[in-house]
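Visitor: Generate coordinates for the sequence data below:
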Amino acid sequence: MLSGRRPFGNVDALEARERGARVQPLGVLTHGQNAALAQALAFDRERRTASVEELLKGLAADHQPRRRPLAVLGTAIIGVFVTGVLTYLVLDKLGVFRHSVVVQPATTEARQAGSPQAPTAVFNPPSHSIAVLPFVNLSGDANQQYFSDGLTEEVLNSLSRINELQVAARTSSFSFKGKDVDIATIAHRLNVGAVLEGSVRRSANTVRISAQLVNAVTGFHVWSQTYDRDLGDVLKLETEIATAVAEALKVTILGDVAAKIELGGTRNPAAFDAYLRGLKAYARGDAKAYLDAVAAYTEAIRLDPDYALAFAGRSIAYSNYAGEFAPGTAIRESYDKALADAHQALAIAPELAEGYLALALFFDGSLDFVQASEAHERARALAPGNAEVLRLSGRFAVSMGHIDRGLTALRRAVLLDPLNPHSYEVLSEALYYARRYQETVAAATDAISLDSDYERAYGYRGLAHYVLGDFERARTSCQAKPNYWISQWCMVLTYEKLGPHAEAEATLAKFKAENGDASAYQYATIYAQRGNRREALEWLGTAMRVRDPGVEYLKTDPLLDPLRNEPRFQAIERELKFP
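Guide: Purely as a prediction, here's the structure:
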């Protein structure tokens, strides 16, 4: 308030203390006044000025400055300062500065060097970057939580369709749900310059949404608005909010925003409600979740047969269920339904990124890599700010041997979704197949630092240690989650190197008993590493016969290097028609 700038620049008090920073004297104050100011900003509570009155006495005490103009200016500043303090106290009572405080207790994770949660020392977010926090459910009914979360996600998606904006992804933004974290800290962790927050109150077929945009650098509100709408107007409402936010951030929008945001949506309130229930179910990620999502999307489609987003969502749920959980003949049936839904989504909305993503997942699971590659590229071109599109297309590109293109997409996904362990885990997988093993270990460790139970990250970290020849570390990482299939695969490989051989054989037998032909591709890699080429090629043949999705990685997998000169291996590679 005395100088119009922060005492430590863009560094907060906690970071300044850790650096041993000191308050720089202000040229408009005398030596005694600067001393009073420094005491008021002391890090230690015992040394810090106890009250505003004591601070003002210190600022007014020095009446003999070296140059008279400074004394006059100092007196004027004191007057402004007193007025400012009184104004602050009034506004603080009104809650205006509720989100403007920067100083926060540091968690252990935030202090760890290299942790993806640690805020940067200098806060310099990209221009036109924003995070959307979960809107608070004020409906008085906890069962309506899915609605406020889903509506928040739709607003977030609407903003992400404006290519001129950089929008933090849902998982990272929602990681602060229910936590008492101030806006400045959230902005640092997500590296955004603005934060949108709000509330939702639903009553029958009407909804009230209050939204406010906060400048994360200054802590000031730059825009707020309350909307009362029928649920049938929600699609238009999403456009209004997104456009207002973009204008408040002084974004120059190119093209028809409404056309982008409302693409594939619905104006049927019941269909919209069912779609939000599908989103909620799908996020759980297990077999029942996918089937529940299919049921909800089916209800949305019944209510609005032209709901393209619902067709795309159901297609993606079908493909995930087929690839991970479907038994026997249900695999093919689920994939057939996924293809039909993807085509229908694109027939209704030919420029829908989610439709192309659904198509890409189907072709990927069906081992049609040429068409999968085209669909992934189209989805990414239509939705360059969608973290999930970037993750899926980036990982696929690396597995096809397009290393630079894939890693660029995946690093962009990490930037958009920095608090989602999945971002780092998928990056670690891609780095493994790109044969950057030390970077694989680092990315997998980042994922584990965000979620200590992230099984897949332990598995790929173990595989990277194995290929590096550090078998002890490989065993340690894989044994941390011994019941997960990638860890079991890794342990079979590692035990063969460390011995005894009997233990390796027992682990392999257990792995085969639990997974059957579904892990034919993994058996091929195990026998290739053991030098048993004939057995490895037999299992690759089985993997092709059962359409094992693992063969997607055949082109880049380092574990299969011992087979690459074999004519039969080369024939299989040609049969897969990698783009």
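
Visitor: what domains does the record give for this structure?
Guide: The chain breaks down by automatic domain parsing into domains covering 13-93, 115-259.

Visitor: what's the closest non-adjacent residue to the residue most central in space within the chain?
Guide: Centroid-nearest residue in the chain: Asp417, 2.4 Å away (criterion: Cα atoms, centre = their mean). Spatial nearest neighbour of Asp417, chain neighbours left out: Ala169 (3.5 Å); criterion: Cβ to Cβ, 6 or more residues apart in numbering. (Glycine included, C-beta is placed from N, CA and C.)

Visitor: And His376, by the same measure?
Guide: Ser393 (4.0 Å).

Visitor: Is the one you found within a helix or a strand, and which one?
Guide: helix 387-399 (DSSP states H and E).

Visitor: other SSEs contacting that helix?
Guide: Secondary-structure packing of helix 387-399 (3 or more Cβ pairs under 8 Å, 6 or more residues apart in numbering; DSSP states H and E): helix 353-365, helix 369-382, helix 403-416, helix 421-433.

Visitor: now the helices for the stretch 201-350 of the chain?
Guide: Taking DSSP state H, counting those that start in this stretch, the helices of the stretch 201-350 of the chain run over residues 234-248, 257-262, 269-282, 287-303, 308-324, 330-348.

Visitor: out of those helices, deepest packed?
Guide: Counting by mean count of other Cβ atoms under 10 Å, helix 308-324 has the highest mean neighbour count of those, with a mean of 26.

Visitor: quick one: that one to helix 269-282, angle?
Guide: Inter-element angle recorded for helix 308-324 and helix 269-282: 20 degrees (by axes from the mean of the first three to the mean of the last three Cα atoms, to 10 degrees).

Visitor: Helix 308-324 relative to helix 330-348, how many degrees between them?
Guide: If you take the same axes, to 10 degrees, helix 308-324 sits at 160 degrees to helix 330-348.

Visitor: okay, the angle between helix 308-324 and helix 387-399?
Guide: Going by the same axes, to 10 degrees, helix 308-324 makes 40 degrees with helix 387-399.

Visitor: Can you lay out the domains of the chain as a markdown table showing mean pLDDT?
Guide: Putting the domains of the chain into a markdown table (pLDDT from 0 to 100) gives the following:
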| stretch | mean pLDDT |
| --- | --- |
| domain 13-93 | 65 |
| domain 115-259 | 87 |
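
Visitor: can you put these in TSV and add distance to Ala383?
Guide: TSV is the format used below for the domains of the chain (distance: least, Cβ to Cβ, whole Å):
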stretch	distance to Ala383
domain 13-93	35
domain 115-259	7
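
Visitor: follow-up on the earlier one: check whether the residue nearest to Asp417 really touches Leu416, as I assumed.
Guide: Yes: with contact defined as Cβ atoms under 8 Å, Ala169 reaches Leu416; the gap is 4.9 Å.

Visitor: who touches both of the two?
Guide: Any residue near both Ala169 and Leu416 by Cβ atoms under 8 Å, 6 or more residues apart in numbering counts here, and that gives Ala387.

Visitor: who's in contact with the helix or strand encompassing Ala513?
Guide: Ala513 belongs to helix 501-515 when elements are defined using DSSP H and E. By Cβ under 8 Å, 6+ apart, the surrounding residues in contact with helix 501-515 are 485, 488-489, 491-492, 495-496, 519, 522-523, 526.

Visitor: In CSV, list the residues you listed along with neighbour count and pLDDT.
Guide: Below are the contacts of helix 501-515 laid out as CSV (neighbours: other Cβ atoms under 10 Å; pLDDT from 0 to 100):
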residue, neighbour count, pLDDT
Trp485, 17, 90
Gln488, 22, 93
Trp489, 25, 95
Met491, 26, 94
Val492, 26, 95
Tyr495, 22, 93
Glu496, 19, 92
Ser519, 21, 91
Gln522, 23, 96
Tyr523, 24, 97
Ile526, 22, 97
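
Visitor: from these, which is closest to Arg161?
Guide: The shortest approach to Arg161 among these belongs to Trp485, at 36.7 Å (Cβ to Cβ).

Visitor: Thought Gly516 was touching that closest one, still the case?
Guide: No: contact criterion Cβ under 8 Å: Trp485 and Gly516 do not qualify, at 11.7 Å.

Visitor: Count the neighbours of the residue nearest to His376 for me.
Guide: Ser393 is flanked by 29 other residues according to other Cβ atoms under 10 Å.

Visitor: my read: it touches Arg380, true?
Guide: Yes: judged on Cβ under 8 Å, Ser393 makes contact with Arg380 at a distance of 4.7 Å.

Visitor: check contacts around Glu333.
Guide: Glu333 sits next to Ala326 when contact means Cβ under 8 Å, 6+ apart.

Visitor: For Pro500, see how far away it is.
Guide: 45 Å (Cβ to Cβ, to the nearest Å).

Visitor: With Met400 instead?
Guide: 39 Å.

Visitor: The two: which is more packed in?
Guide: For Met400 versus Pro500, neighbours defined as other Cβ under 10 Å are more numerous around Met400 (22 against 10).

Visitor: Report the contact partners of the more buried one.
Guide: Counting by Cβ under 8 Å, 6+ apart, Met400 touches 369, 373, 406, 555-556, 578-579.

Visitor: sorry, back to before: what sits against the residue nearest to Asp417?
Guide: Applying Cβ under 8 Å, 6+ apart, we find Ala169 in contact with 387-388, 413, 416-417, 420, 423.
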